[in-house]
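Novice: Sequence and computational prediction follow.
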Amino acid sequence: MGKSLIWIGLGTLALLIASAFADDVVVLTEDNFDKEVGQDRGALVEFYAPWCGHCKKLAPEYEKLGASFKKAKSVLIGKVDCDEHKSLCSKYGVAGYPTIQWFPKGSLEPKKYEGSRTAEALAEFVNNEGGTNVRIASVPSNVVVLTADNFDEVVLDETKDVLVEFYAPWCGHCKNLAPTYEKVAAAFKSEQDVVIANLDADKFKDLAEKYGVSGYPTLKFFPKNNKAGEAYDADRDLDDFVNFINEKCGTNRDGKGQLTSKAGIIESLDALVKEFVSASGVEKKAAVTKIEEEVEKLKGASARYGKIYLKAAKSSMEKGSDYAKNEISRLQRLLEKPISAAKADEFTLKKNILSAFA
């Protein structure tokens, strides 16, 4: 069933909602605070510290709030890093973290928020103060939620590489990890052979015990060739997860889910392309034949990349030495436009492979 949303439980979805909306919360500093706050719109401002546990717990909720109010022109959702801007936080009487304050339109005299720290409660407060009527936006999770019913079907599938987080709903470290883990799942959602999943180990204790889980969160990787599982012992920042999966699964994604410059590159074909580029006349035709013979040996995704190499070689021979350079420029222009993730992957692969011909 792949990564069907049927597997996503509503309770876990709320916990693992994406932190992909961070750009929708305006980062306020000593330089821009007075330009953004107290002007022609009301502002809700979180004063936080990066090391603060309560702030980390609030982060995904606050980011959901920012995303939901993104189009509300009469309201700004902002945040101030008090480690970096101590004088600004001191100016507004911040003595603990997080402190959330509402600044009415045209005023720098704040009202402290004392309510619940959920996106829904914050939205209700902002709507009341700012005269808006905004509802909290939600997005489907890309994390596959495991249960006793689907665990073997998903995790033990020998055609998939599966990363599993064993967590407990009450675990603070699990809650802190949740936004990052959701970003990992989003980054690899286009990789059909990669699954980012989790299991409520408090609810499914037998499965957790079966795989030696004694603390939360525990992360285990189940590659195609080892369904006994292996411990994930790397750090838990987004880049650490991404590097781990790229290394283990042969993928080439960055933290935003975009293909890197290494995607689609096949060393044996790159070597033949060098021969092709330096050849002339009859030798060029012979070089294309070599590329074609090598492509026929490839399987899976490599076979698909090989066809791009071969088409590029034939087009270069027909259209001249400037073909690759001109085509790369065209693809780059397309990549700078709003396009689907699938198209972005397609154009990036072609651009990467064409670079060998340029």
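Specialist: Received the coordinates, thanks.
Novice: Then E327 would be within a strand, right?
Specialist: No. With DSSP: H, G, I helix; E, B strand; the rest coil as the criterion, E327 is helix rather than part of a strand.
Novice: which ones are touching it?
Specialist: Residues near E327 by C-beta atoms under 8 Å, 6 or more residues apart in numbering: A312, S315, K350, L354. Where you see a C-beta, it was placed from the backbone N, CA and C, and this is true even at glycine.
Novice: same check, this time on L219
Specialist: So L219 contacts L163, V164, E165, F166, A231, Y232, R236 (C-beta under 8 Å, 6+ apart).
Novice: how about a cut-off of 6 Å?
Specialist: E165, Y232 (C-beta atoms under 6 Å, 6 or more residues apart in numbering).
Novice: Can I take it that it is in a strand?
Specialist: Yes. When three-state DSSP is applied, L219 is found to be in a strand.
Novice: Tell me the bridge partners for it.
Specialist: Under DSSP bridges, the beta-bridge partners of L219 are E165.
Novice: Run a quick neighbour tally on the residue lying closest to Y167 once chain neighbours are set aside.
Specialist: The shortest distance from Y167 to any non-neighbouring residue, by C-beta to C-beta, 6 or more residues apart in numbering, is to C174 (4.0 Å). Residues lying near C174 (other C-beta atoms under 10 Å) number 23.
Novice: doesn't C174 fall inside a strand?
Specialist: No. Using three-state DSSP, the secondary structure at C174 is helix, not a strand.
Novice: For ChimeraX, what selects the buried ones among the contacts of E327?
Specialist: The buried subset of those, as determined by 16 or more other C-beta atoms under 10 Å, is captured in ChimeraX by this line:
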select :312,350,354
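Novice: which one of the contacts of E327 is nearest C82?
Specialist: Using C-beta to C-beta, the shortest approach to C82 within the contacts of E327 belongs to K350, at 46.5 Å.
Novice: and whichever strand or helix holds the closest one, which residues are buried?
Specialist: Secondary structure assignment for K350, by DSSP states H and E: helix 341-354. Residues of helix 341-354 classed as buried: A344, D345, E346, F347, T348, L349, K350, K351, N352, I353, L354 (neighbour count, 16+ other C-beta under 10 Å).
Novice: Go through the residues you listed and say which is closest to D322.
Specialist: Nearest to D322 among the buried residues of helix 341-354, with distances taken as C-beta to C-beta, is L354, at 11.8 Å.
Novice: Excluding sequence neighbours, find me the nearest residue to the closest one.
Specialist: Counting by C-beta to C-beta, 6+ apart, the residue nearest L354 is A324, at 4.7 Å.
Novice: In three-state terms, label that neighbour for me.
Specialist: Applying three-state DSSP: A324 is helix.
Novice: right, and it touches A358 too?
Specialist: Yes. A324 is within contact range of A358, at 4.4 Å (criterion: C-beta atoms under 6 Å).
Novice: Can you classify the residue nearest to H85 when sequence neighbours are not counted as helix, strand or coil?
Specialist: Nearest non-adjacent residue to H85, counting by C-beta to C-beta, 6+ apart: E30, 5.2 Å away. State at E30, reduced to three classes by three-state DSSP: coil.
Novice: My read is that E30 contacts L88, right?
Specialist: Yes. Counting by C-beta under 6 Å, E30 does reach L88; the two are 5.1 Å apart.
Novice: who's more crowded, these two?
Specialist: More crowded of E30 and L88, by other C-beta under 10 Å: L88, with 20 against 14.
Novice: which element is that one on?
Specialist: With DSSP H and E as the criterion, L88 is inside helix 86-91.
Novice: Name every strand pairing with the helix or strand following that helix and say which way it goes.
Specialist: Note on helix 86-91: by DSSP H and E, the next helix or strand toward the C-terminus is strand 99-103. If you go by DSSP bridges, strand 99-103 pairs up with strand 42-48 (antiparallel), strand 111-112 (antiparallel).
Novice: now the last one: mean pLDDT?
Specialist: Here the mean pLDDT over strand 111-112 is 96, rounded to a whole number.
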